[in-house]
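In: Provide a 3D model corresponding to the input given below.
(2 chains)
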Number of protein chains: 2
Amino acid sequence: MPQTVERRPGEDTIALPAAYDAGLYFIGRIRTPWPERRDCPKNGLQTDAVCTLNLDPVYGPGLQNLSGASHLIVLYWMDEAARDIVRQRPRHADGSRGTFSLRSPARPNPIALSVVENLGIDGLAVQVRGLDCRDGTPLLDIKPYYASTDARPDATVARAGAA
Amino acid sequence: MPQTVERRPGEDTIALPAAYDAGLYFIGRIRTPWPERRDCPKNGLQTDAVCTLNLDPVYGPGLQNLSGASHLIVLYWMDEAARDIVRQRPRHADGSRGTFSLRSPARPNPIALSVVENLGIDGLAVQVRGLDCRDGTPLLDIKPYYASTDARPDATVARAGAA
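Out: Numbers count the residues shown, from 1 in each chain, chains lettered A, B, ... in the order given. Below you'll find the model as predicted:
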């Protein structure tokens, strides 16, 4: 997998462990209108684009009963991200931030999470709205979104500068 | 990693791929009051227990600026889950369901996701409320929760039986 090593001032990198602790299967691919990272919207609310989760056939039976969920959590693999950056400087920010305080793709385990609208399922394809990733992004998991446990509308994030 | 092979009626299993597509680093461990899976609450809203995300020292600088987030998304690895089950029968359910329509730990990539309250950070330890996992569970990632993109309070999930 190519790592886009895009070093910027304000980054702190680490030596990653010599071996992985667990392995992932790519269960399909995500089709989106954006061929490259630079084409992607900043987040999934900035676009109305319909994207498609295309499952590999072996995992198809896992989609049963999913149409009952109005919203889904999609986990996917940001395969172009550097993994050794523990502090990084976001574009337009005035200083460095800890990686875990950001939603940046660059992180030790580049698993992205998006909450999407479930527009319908046809065979191995799930149509969704709310993604912002590159076309062809590897899919890791789909989960039903439960407002009771997943929605925290009053959650806040302090602006830049907060420790 | 031990796989708890707990076969039940109504399960459909598949042959998983021969090789993994990507690898994960465990970035720390989660300390909770529940030593075994059977001790765990059904979900993180059923308990007020304070749990601790203990990061490995190398990842510590990644925690900077995280205290500004009132809520966090925690990703962790359900290392006891079977991964080859595409349809399963939840306890107390009348039939089988597709794996991706459930939040069951058993899934091709057993990555769990919990939304938690951020109670404070001290060195390598993040105190949180809202977890339901076994003590010692491997930690994969911490992200700030953004109400704008992550909260969907009106999301619904149809009751059992919906296709």
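
In: May I see the buried residues of stretch A:23-40?
Out: Within stretch A:23-40, the residues scored as buried using 16 or more other Cβ atoms under 10 Å in any protein chain shown are A:Leu24, A:Tyr25, A:Phe26, A:Ile27, A:Gly28, A:Arg29, A:Ile30, A:Arg31, A:Thr32, A:Trp34, A:Cys40. In short, each C-beta sits where N, CA and C put it, glycine included.

In: scratch that, stretch A:113-126 is what I was asking about
Out: A:Leu113, A:Ser114, A:Val115, A:Val116, A:Glu117, A:Asn118, A:Ile121, A:Leu124, A:Val126.

In: Report the rounded mean pLDDT for the host helix or strand of the fourth one.
Out: Read that as A:Val116. In the assignment (DSSP states H and E), A:Val116 maps to strand A:111-122. The average of the pLDDT scores along strand A:111-122 is 97.

In: And that strand, how far out from the chain middle?
Out: Taking Cα atoms, centre = their mean, to the nearest Å, the mean C-alpha location of strand A:111-122 is offset from the chain mean by 11 Å.

In: Check the secondary structure at the nearest residue to A:Ala147 once chain neighbours are set aside for me.
Out: Of all residues not flanking A:Ala147 in the chain, B:Ala155 sits nearest, at 4.6 Å (Cβ to Cβ, 6 or more residues apart in numbering or on different chains). Using DSSP: H, G, I helix; E, B strand; the rest coil, the secondary structure recorded for B:Ala155 is coil.

In: Would you check that B:Ala155 makes contact with A:Tyr146?
Out: Yes. B:Ala155 is within contact range of A:Tyr146, at 7.3 Å (criterion: Cβ atoms under 8 Å).

In: Could you pull up phi and psi at the residue lying closest to A:Asn65 once chain neighbours are set aside?
Out: Distances taken as Cβ to Cβ, 6+ apart place B:Ser101 nearest to A:Asn65, at 3.8 Å, with adjacent residues excluded. Here is the backbone geometry of B:Ser101 (degrees, to the nearest 10): phi -90, psi 0.

In: list the contacts for B:Ser101?
Out: A:Gly62, A:Leu63, A:Gln64, A:Asn65, A:Leu66, A:Gly68, A:Ala69, A:Pro144 (Cβ atoms under 8 Å, 6 or more residues apart in numbering or on different chains).

In: What subset of these is buried?
Out: The neighbour count (16+ other Cβ under 10 Å) marks A:Gly62, A:Leu63, A:Gln64, A:Asn65, A:Leu66, A:Gly68, A:Ala69, A:Pro144 as buried among the contacts of B:Ser101.

In: hang on, the earlier thing: filter the buried residues of stretch A:113-126 by proximity to chain B?
Out: A:Leu113, A:Ser114, A:Val115 (Cβ under 8 Å from any Cβ of the partner chain).

In: Which of those sits closest to chain B?
Out: Set against chain B, the nearest of these by Cβ to the nearest Cβ is A:Val115 (5.6 Å).

In: where does chain A dip in pLDDT?
Out: Segments of chain A classed as low confidence (criterion: pLDDT under 70) are A:1-6, A:160-163.

In: residue nearest the centroid of it?
Out: Centroid-nearest residue in chain A: A:Ala112, 2.2 Å away (criterion: Cα atoms, centre = their mean).

In: any idea how far that residue is from A:Ser70?
Out: Distance of A:Ala112 to A:Ser70, given as Cβ to Cβ, to the nearest Å: 21 Å.

In: Chain A: strands as residue ranges?
Out: Applying DSSP state E to chain A gives strands spanning A:12-13, A:22-24, A:28-31, A:50-55, A:71-77, A:85-88, A:97-98, A:111-122, A:125-129, A:137-144.
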